[in-house]
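In: Sequence and predicted structure below; questions after.
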Amino acid sequence: MSQEDKSRIDELNKSLYSRNAPNVRSKRKLRWKEQDTDVQTDWKHPEETLEDVELNKHYKDNSMSFFTKILIGSIIFFVIALGIGAYLVLNGSNIVSANNVDITINGPVSVAGGEPISLDIEVINQNNITLNTVDLSVDFPIGTTDVENNAELKNFHEVIGDISPGGVSKKTLEAVIYGEENLKKEIKVSIEYRVKGSNAIFLKEKTFEVLISSSPITLSVSSFKEINSGQEFELAIALNSNSKEVIRNILLKAIYPFGWSYISSDIKPVSDTTTWRIGDMPPGGKKTIKIKGKLEGQDDEVRVFRFLVGAWNPNNEKTIGTEYVSAIQEVSIKKPFMTVAVSLDGNSGATDYVGSFDNPIKVEISYFNNLQTSVLDGEIHVKLSGSAFDKAGVSPDQGLYKSSDNEIVWNSITSGDLRDIGAGEGGRVSFSITPRDQSTALKVITNPDLRVDVSVNGKRNSESNVPESIALSTSRRVKVSSEISLGGQVLRSVGPFPNTGPIPPRAESETTYTITWTVDNTSSSVSGATVESSLPPYVKWLGKIDPSGEDITYNNVDGQIRWNIGNVGTYTAGTGKRRQVSFQVGLTPSITQKDQIPALVNQSVLTAQDDFTREIIKSNLGTLGTRFSTDPAFHDGDEKVN
């Protein structure tokens with residue numbers, strides 16, 4: 001901007017804002033001069049050729065504006081939509097929607113467990129097309145049984161066919177649902193279907209809830225809530241029927257915690273220590289099972305017992321097929337006030353001890369006070385029992401033996417150390433017991449055992465300085481092995497084989513003998529029994545065996561004989577169950593054996609496993625020689641070689 005222009009602008013501003021500015025209007029003359037202009041109607045590059053001009057003209061003539069295209073497309077879409085709508089209105093829709101398929105389930109919202117429930121199921125087709133091959137499936141909850149045969153019912157499946165537009169298919173089902181009181185059970189209903197012209201499978205599902213208002217069987221467990229580690233205690237499982245119908249084929253199943261050792265129960269388990277067959281329970285029926293055992297663990301540990309009741313599986317009557325109800329029992333383990341150990345012939349382990357008939361067992365009971373205070377007026381009671389227990393076989397040491405009660409008692413009178421057992425102090429008492437075979441002609445006892453049940457009682461001052469009684473118990477078991485024996489005899493004039501040769505035997509001449517082995521057993525069956533022996537080098541194995549079916553072999557190289565017996569039953573002596581075998585040998589003595597009684601069979605050893613104690617038991621038979629004194633034809637002197 002020039003200086004002159006700036007001066008003019010300044011003067012104009014002064015005149016505009018000045019109060020004394022004269023009211024002067026300037027007149028401006030407009031001059032018009034007509035001029036010819038040439039305005040182009042299109043862009044043109046300065047260097048455009050004639051060919052370019054012709055091409056631009058072609059596009060201008062044939063192009064269409066953008067808005068014109070939108071308008072034409074909208075008109076086309078409207079026409080198509082209008083046609084489709086008219087087709088659907090005039091011809092009906094063949095499009096199927098799962099929203100137009102409904103499942104309704106009518107039934108009681110609550111039911112007493114064990115009572116039949118009826119469900120009315122409707123499948124409604126609100127589509128304008130037929131549903132083809134409709135497949136109905138009903139999944140029942142655990143604990144559901146069939147009304148007719150009480151068999152477990154997990155699923156119902158049925159093809160209900162086609163459902164036309166607006167059609168309804170109905171199905172009524174009955175079942176018996178078991179469960180715990182106030183427990184909700186879900187029944188899941190689903191259908192699968194197809195439509196014409198499609199290979200797709202469509203699915204519709206619905207869930208129906210049923211509340212178990214009462215259980216057909218109530219299950220309760222009672223026991224000590226706190227026990228000492230290793231203490232024996234009892235679990236009482238009570239079953240009560242609330243059903244108006246007979247509940248059949250009931251099974252009780254126990255799930256034990258770690259550290260539990262089963263001892264006994266008043267009802268015999270099915271095949272193990274966890275399953276009991278209760279059978280049928282009538283309306284209002286009651287049943288109680290008592291299980292005894294002991295629990296090992298650390299101080300303040302909590303162990304959980306779980307019990308299940310249900311109908312047994314038709315394919316396996318030792319397992320639950322349909323579960324009705326369950327219950328748990330928590331037991332807390334506390335450190336015992338006193339440690340008590342029972343030693344049998346120096347064995348203080350927790351496993352069963354194996355003894356034998358007529359051999360005394362030294363029993364030693366040691367105790368130790370774990371409390372911070374003294375235990376006063378201590379008493380130790382030992383209760384003796386078992387099929388091998390003999391009242392006359394007990395020899396107490398200081399203790400008072402009450403034979404009428406099968407009990408030995410130690411107290412402050414018999415043992416002064418029990419009057420005051422100081423904190424961290426202990427002691428011991430002992431006695432001996434001899435197992436005896438109590439079988440008679442009228443009563444046969446198998447798998448004999450002895451039980452030593454120990455209980456310790458005393459008093460201590462509680463935290464409030466008030467005397468309180470305390471008690472602890474433990475036990476040991478003695479399994480008594482069977483008495484298996486091997487007997488043998490030498491025969492000449494009797495037996496299964498005819499024998500030849502001079503009697504008395506003569507040097508360098510062969511004389512034959514029959515050897516008979518007999519195996520007898522007593523209180524427990526045994527398995528894997530064998531007899532091993534050998535022949536001296538001057539005795540020949542003749543290969544004759546009776547009975548011929550006995551498995552007896554001879555090795556010509558080392559002269560070893562082996563009789564594989566196998567299993568032997570209980571109390572075989574004098575019965576047809578005893579095992580016996582005979583074989584024949586030939587003796588050719590040397591002249592150096594004159595006036596001697598040669599051995600025919602060396603020492604023999606019977607070995608077997610006791611099926612009750614699982615111990616290896618043995619019986620030895622000494623050398624059998626030419627003195628055949630059990631033969632009726634024997635005379636003194638017939639045994640010496642001439």
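Out: Thanks, I have it. Residues are numbered from 1 along each chain as shown.
In: pLDDT below threshold where in the stretch 251-400 of the chain?
Out: Of all residues in the stretch 251-400 of the chain, none has pLDDT under 70.
In: for stretch 485-496, what is the average pLDDT?
Out: Across stretch 485-496, the average pLDDT comes to 96.
In: Hmm, I typed the wrong one, I wanted stretch 527-538.
Out: 97.
In: which residues sit against that stretch?
Out: Applying C-beta atoms under 8 Å, 6 or more residues apart in numbering, the external contacts of stretch 527-538 come out as 484, 486, 517, 519, 541, 554, 558-568, 579, 585, 587-590, 593, 598-609, 611, 621. Bear in mind the C-beta positions are built from the backbone N, C-alpha and C, glycine included.
In: Which among those count as buried?
Out: 484, 486, 517, 519, 554, 559, 561, 563, 565, 568, 579, 585, 587-589, 593, 598-602, 604, 606-608, 611, 621 (16 or more other C-beta atoms under 10 Å).
In: Show me the residues you listed that map onto strands.
Out: Judged by DSSP state E, those include 486, 517, 519, 554, 561, 563, 565, 568, 579, 585, 587, 599-601, 604, 606-608, 621 as members of strands.
In: And for residue 271, the neighbour number?
Out: 9 (other C-beta atoms under 10 Å).
In: got it, and residue 74?
Out: Neighbour tally, residue 74, other C-beta under 10 Å: 10.
In: Same question for residue 176.
Out: Neighbours of residue 176 using other C-beta under 10 Å come to 22.
In: remind me which residues of the stretch 1-150 of the chain are low pLDDT?
Out: Using pLDDT under 70, the stretch 1-150 of the chain drops low at 1-67, 81-95.
In: whoops, I mixed them up, the stretch 401-550 of the chain
Out: Ranges of the stretch 401-550 of the chain meeting pLDDT under 70: 462-468.
In: show me what contacts the residue nearest the centre of the chain?
Out: Nearest residue to the geometric centre of the chain (C-alpha atoms, centre = their mean): residue 255, 7.5 Å. Going by C-beta under 8 Å, 6+ apart, residue 255 touches 274, 305, 306, 307, 308.
In: what do you get if the cut-off is 7 Å, keeping everything else the same?
Out: residue 306 (C-beta atoms under 7 Å, 6 or more residues apart in numbering).
In: Same question for residue 234.
Out: Residue 234 touches 223, 290, 291, 292, counting by C-beta under 7 Å, 6+ apart.
In: State the distance from it to residue 222.
Out: For residue 234, the distance to residue 222 equals 9 Å [C-beta to C-beta, to the nearest Å].
In: same deal with residue 599?
Out: Residue 599 is 69 Å from residue 222, by C-beta to C-beta.
In: Can you give me the buried ones in the helix or strand encompassing residue 133?
Out: Per DSSP states H and E, residue 133 falls inside strand 131-139. For strand 131-139, a neighbour-count test (16+ other C-beta under 10 Å) marks 131, 134, 135, 136, 138, 139 as buried.
In: With stretch 275-284 instead?
Out: 275, 276, 277, 278, 281.
In: Return the subset of the residues you listed lying in strands.
Out: Reading strands off these with DSSP E, I get 275, 276, 277, 278, 281.
In: and the two most separated of these?
Out: With C-beta to C-beta as the measure, no two of these lie farther apart than 275 and 281, at 16.8 Å.
In: Wait, a helix at residue 80?
Out: Yes - per DSSP: H, G, I helix; E, B strand; the rest coil, residue 80 lies within a helix segment.
In: of the contacts of residue 234, buried ones?
Out: Looks like these have 223, 291 buried, using 16+ other C-beta under 10 Å.
In: of the contacts of residue 234, closest to residue 626?
Out: Closest to residue 626, out of all of these and judged by C-beta to C-beta, is residue 292, at 59.9 Å.
In: That closest one bridge partners, please.
Out: residue 234, residue 264 (DSSP bridges).
In: so what strands line up beside the helix or strand containing residue 457?
Out: For residue 457, the host element (DSSP H and E) is strand 449-461. Sheet pairing here is set by DSSP bridges, and for strand 449-461 it gives strand 375-385 (antiparallel), strand 467-480 (antiparallel).
In: Around residue 365, how many other residues sit close by?
Out: 23.
In: can you give me the helices in the stretch 51-200 of the chain?
Out: Under the criterion DSSP state H, counting those that start in this stretch, the stretch 51-200 of the chain contains helices at 66-91.
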